[in-house]
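Asker: Can you look at this prediction? I've put the sequence above it.
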2 protein chains.
Amino acid sequence: MPVTQALITLNPLESVPLVEQVVTGIKQLVEQRVLRAGTRLPSIRDFAVQHGISRFTVVDAYDRLVALGYLLSRRGSGFYVASLAKAEETAPQATFLERADDVLWLLHNTFRDVPDVVRPGCGWLPSDWLDEKVIQKSLHELSRKSGAFLTAYGDVSGYLPLRQQLSQKNLTDIGISADTQQIIMTNGASHGLDLVARLFIQPGDVVLVDDPGYYTLFGYLKSLGARLIGVPRLVNGPDITVLQQHLETYKPKLFFTNTVLHNPTGTSTSAAIAHQLLQLAEKFGLYIVEDDIYGDFHSQHATRLAALDQLNRVIYVSSYSKTISASMRVGFIACHRELAMRLLDLKLLTGLTTSEINQRIMYQILVEGRYRKHIEKIRTLLEIKRGQVIRDLEACGLHIHAEPAGGMFVWAQLADERNAAEVATVASKQNIMLAPGNLFRPYQEPSSWLRFNVAHCDEPRIFALLSSL
Amino acid sequence: MPVTQALITLNPLESVPLVEQVVTGIKQLVEQRVLRAGTRLPSIRDFAVQHGISRFTVVDAYDRLVALGYLLSRRGSGFYVASLAKAEETAPQATFLERADDVLWLLHNTFRDVPDVVRPGCGWLPSDWLDEKVIQKSLHELSRKSGAFLTAYGDVSGYLPLRQQLSQKNLTDIGISADTQQIIMTNGASHGLDLVARLFIQPGDVVLVDDPGYYTLFGYLKSLGARLIGVPRLVNGPDITVLQQHLETYKPKLFFTNTVLHNPTGTSTSAAIAHQLLQLAEKFGLYIVEDDIYGDFHSQHATRLAALDQLNRVIYVSSYSKTISASMRVGFIACHRELAMRLLDLKLLTGLTTSEINQRIMYQILVEGRYRKHIEKIRTLLEIKRGQVIRDLEACGLHIHAEPAGGMFVWAQLADERNAAEVATVASKQNIMLAPGNLFRPYQEPSSWLRFNVAHCDEPRIFALLSSL
């Protein structure tokens, strides 16, 4: 019998909340040394199932016990009983980081460059696809200019000509009207998402996310104490029926979504779904954070939520990290003017300004047409690769979710609904880094899907492995 | 009689906490339309005095009423009754930003460049003092290099050669031992302070700060819900007697301090005070955030807390924004290895990496000795200016706190303990932006002191004004 089930009795009818019953129960077992230091606790799911309670209750209780020093969370492994000395220590307890443990482990691994590893699960383009010369040329031009931009803090909102360029050209091109005061430059889209989330989210808030969706975002939102509720991603966008149910049940303030070339499925939200989504947002007072970092990879005109809604309830976040250079850390937020004022306050208070040097490099790349040319080249390359990879995956017996209209991701399901995490473990032993679907689910729920980055699928051993399954 | 005193009766003996009594009292007055929309509430201090309660209670109550939509906070002006329609709105309530209102107003003004305004109150060096050519040269060299650094995310901790340079040379030179894993590059020191504060501070936590001290930090810490307790700054560093009392009373986790060339007083903590401070930190489990952004302006050897403590309880935060270029946004944290791991997790989760382009520019400037030469030139210039400004201020009847051993700040007191904020208002009408002492106090308490930036004191009209008082 599982260790805690025999020892803790929960009573849902008692006036003491269940979470406190769990906390008190485990605390006593630790203090009485019934549970000894180093004992592994049941997983969150197992504990919930064993005691017939919600997983949220268990997450809350474990979090509190970690904060109190009774439990330790070990990365990717689970929760363990701490030694009692630990429970009395006063060092800061980074509970919120523990909540994001799985994602952090993954992120550290993703950013670590190990030779001889092929990475069909990688989240970005190979360096040799990104045109260094484009950046170099702008850097060179910039180095011949003098001015306070080299030494001063610069404009709090960001380099004005770049914001003008975005306002008058790049955003206009995709149907979004935003004046320069509605645009705030950020250090990549991550910084933009961080500012928006810090403004809106209080610990305990329910936040809607795409399921599957962007795992770094999930880890980050959990670190803020948010409770994630997934909105299933269908071929033409978020599942509107489920979305409506969630809005009725949880009354959330925020929904984070990729409209165009969604990560990981590669799908884009149709205009009809976008329209329904915005109607629901209006009805339920929902704000939508539209993360559009892959949009420029789309070869035709794709609908953005911000273009329909004109930044009323949509907060548009984007960057140039995926399309041309992650090193520059140039991203931006476009939103309602009043919201922009608050986000600007928050940006100023938490980090002052963003580097004008990098924003000027990006500006040069945009205005001199180098960005457009680069993107067109990448689109063509991706299209060729995508066709090949889809054929190869299908030949290996995988099922393709939907053929994407652009971008680097293909979402494919293993035959017989085989567990993707298990396959990823097998692959990693052969130095093949796959991206199993469970990673992209709000609470790492099991999945038989895998995300493939078509730009990282050149090595035949990837498909040799998949066909050998 | 003040509006609320007649209408709200508080009973400290009741079991309902005072803060809730205030909230309920004001809520009822608003709902019964006794207090009408637009009515200005007493200031926090006045309300506290009138009702004989703590200012913290009033801050809490007003914050909650703003969050509930009953009050509005207007920048730099105070709290007003909201219209009841507002109280039912579901839009996000950025309470925490309202807490930082005064600082935000000031920051926006500081960063706005208005011609014909002289800024003896400015917090940084004039652009023409900072050597654009130094940055330009490195930018030029960098533009001739190729490599993944132009396009890829780069190392999560920051550019390794720069961290090696800091570890082996710059930190070693000031007596701090930190290996490269203990150093995390940040977007300026603000980003470093933000990471540390997010790791340690929970809403309601008491945090110790220098009084007077860095106002942006105060606004930022308030936005996190921290309660600031000031440690008076004496000529040789923090007042150890008061510090000890605060440690006994509040058991705070963190103390933010400038050890070398403190902003705004220009004083540096002596080795003896540093030693006592660290003994107290050890005894009371206090962590110290040592913000050293002005240290390089010190012409002789100055003691850092991190050099005595070797990053055990000291978290060292610095940047090159004040000394050579704010535009580059290159700063760093050096701390205990375990803490560094957590801060790195937080950096990754909240913004991925920092720009390697900028870090490489800074690296070039450091290794080729350009930084050292630039700093020596600035030190000499500042020394000349400082002597002049001190003489001029004394001639106007101001009293100098202590002659600083370097840097740009001189802290001077008005004759007859005149209110500095009032003098700053008079000055602003003459397009002279002074920095009155109340700005540098945790809750903007009145002050007769002013901070002068000696690099911005060339215009005779500054001293004409001061002598006319």
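Answerer: Sure thing, it's come through.
Asker: rest of the way, CA atoms for contacts and neighbours
Answerer: Fine.
Asker: Which strands border the helix or strand where residue A:288 lies, and is each parallel or antiparallel?
Answerer: Assigned by DSSP states H and E, residue A:288 belongs to strand A:287-291. Paired neighbours of strand A:287-291 in the sheet (DSSP bridges): strand A:254-257 (parallel), strand A:314-319 (parallel).
Asker: Generate JSON lines for these, with distance to residue B:466 as supplementary columns.
Answerer: As requested, the strands paired with strand A:287-291 are arranged in JSON lines below (distance: least, Cα to Cα, whole Å):
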{"stretch": "strand A:254-257", "distance to residue B:466": "53"}
{"stretch": "strand A:314-319", "distance to residue B:466": "48"}
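Asker: Reformat these as CSV; add distance to residue B:165, mean neighbour count and mean pLDDT.
Answerer: Putting these into CSV (distance: least, Cα to Cα, whole Å; neighbours: other Cα atoms under 10 Å in any protein chain shown; pLDDT from 0 to 100) gives the following:
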stretch, distance to residue B:165, mean neighbour count, mean pLDDT
strand A:254-257, 40, 24, 98
strand A:314-319, 31, 26, 98
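Asker: Which among the ones you listed is found nearest to residue A:210?
Answerer: When these are compared by Cα to Cα, strand A:254-257 sits nearest residue A:210, at 5.7 Å.
Asker: Now that closest one - C-alpha only, CSV.
Answerer: Below are the C-alpha coordinates for strand A:254-257, written out as CSV (Å, rounded to 0.1, in the frame of the first residue of the first chain):
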residue,chain,number,x,y,z
LEU,A,254,-5.8,35.4,-19.2
PHE,A,255,-5.3,33.0,-22.1
PHE,A,256,-1.9,32.6,-23.6
THR,A,257,-2.0,31.3,-27.2
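Asker: Touching that strand from outside, list them.
Answerer: With contact meaning Cα atoms under 8 Å, 6 or more residues apart in numbering or on different chains, strand A:254-257 is reached by A:200, A:207-210, A:213, A:286-291.
Asker: on that earlier part again, would you put the C-alpha positions of the helix or strand that the strand holding residue A:288 is followed by in PDB?
Answerer: Sequence-wise, the next helix or strand downstream of strand A:287-291 (DSSP H and E) is helix A:305-309. Provided in PDB are the C-alpha atoms of helix A:305-309 (Å, rounded to 0.1, in the frame of the first residue of the first chain):
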ATOM      1  CA  LEU A 305      -6.300  37.900 -33.100                       C
ATOM      2  CA  ALA A 306      -4.900  41.300 -32.600                       C
ATOM      3  CA  ALA A 307      -5.900  42.200 -36.200                       C
ATOM      4  CA  LEU A 308      -9.500  41.400 -35.600                       C
ATOM      5  CA  ASP A 309      -9.700  42.900 -32.100                       C
END
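Asker: one step back: dump the contacts of strand A:254-257 to JSON lines, plus neighbour count.
Answerer: Below are these laid out as JSON lines (neighbours: other Cα atoms under 10 Å in any protein chain shown):
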{"residue": "A:200", "neighbour count": "16"}
{"residue": "A:207", "neighbour count": "23"}
{"residue": "A:208", "neighbour count": "26"}
{"residue": "A:209", "neighbour count": "27"}
{"residue": "A:210", "neighbour count": "28"}
{"residue": "A:213", "neighbour count": "25"}
{"residue": "A:286", "neighbour count": "23"}
{"residue": "A:287", "neighbour count": "22"}
{"residue": "A:288", "neighbour count": "24"}
{"residue": "A:289", "neighbour count": "25"}
{"residue": "A:290", "neighbour count": "23"}
{"residue": "A:291", "neighbour count": "26"}
